[in-house]
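> Just a sequence and a predicted model for now, questions to come.
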Amino acid sequence: MLGSDVIYDVSVVEPLFKTVDELLLPVGVFVMCQSFPYPTEIEAAIDVCCERYRLSSDVVYDHLDAPASTKLRTYRRQWKEERETTKAAGECIDEPTEGKPAASEERMRAMNHDEPEAVPATTQPAT
């Protein structure tokens, strides 16, 4: 998935990352570009969402100080082993609330079933 200049206000951070969580495949990557520095509150909200949705973040390119300013980050699913390492290091990782797995975990379980996913009738080829 790719998003470019999609965050202009802190109020869009949670809905954006909830959408990423719902659509990102287990081995997928969300690439987000920005052309201006985010305020501290937006950076903090992104960090909270990464913890909540178990995403690891890497800055791939950071030249926000250049005339054609750009920052490029990638977000990937954080696997159980990574979460254990993160917890051991004393960092906070939110667990799913109310005993319900995150939407991404439900999709990962569904992808491991032997049965193919049903294709909606509107996208089936005509016979």
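Thanks, I have it. Because the structure is predicted, anything quoted here is derived from the model rather than measured.
> C-alpha only now, for contacts and for neighbours.
Fine.
> Low-confidence regions, this protein specifically.
For the chain, applying pLDDT under 70 flags the ranges 80-127.
> could you pull out the helices for it?
13-23, 40-52, 80-88, 103-111 (DSSP state H).
> The longest one - contacts with which helices or strands?
The criterion is 3 or more C-alpha pairs under 8 Å, 6 or more residues apart in numbering; DSSP states H and E, and the helices and strands that helix 40-52 contacts are helix 13-23, strand 55-63.
> With adjacent residues omitted, what lies nearest to Lys18?
In this structure, Lys18 finds its nearest non-sequential neighbour in Tyr53, 7.6 Å apart by C-alpha to C-alpha, 6 or more residues apart in numbering.
> One more: Arg54?
Gln78 (5.3 Å).
> how many other residues sit next to the one you found?
19 (other C-alpha atoms under 10 Å).
> quick one: contacts for it?
Contacts for Gln78 (C-alpha atoms under 8 Å, 6 or more residues apart in numbering) come out as 54-56.
> distance between the ends of stretch 8-16?
11 Å (C-alpha to C-alpha, to the nearest Å).
> Could I get the buried residue list for that stretch?
Within stretch 8-16, the residues scored as buried using 16 or more other C-alpha atoms under 10 Å are 10, 13-14, 16.
> Now render these as JSON lines, adding distance to Glu41.
Below are these laid out as JSON lines (distance: C-alpha to C-alpha, whole Å):
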{"residue": "Val10", "distance to Glu41": "7"}
{"residue": "Val13", "distance to Glu41": "10"}
{"residue": "Glu14", "distance to Glu41": "12"}
{"residue": "Leu16", "distance to Glu41": "15"}
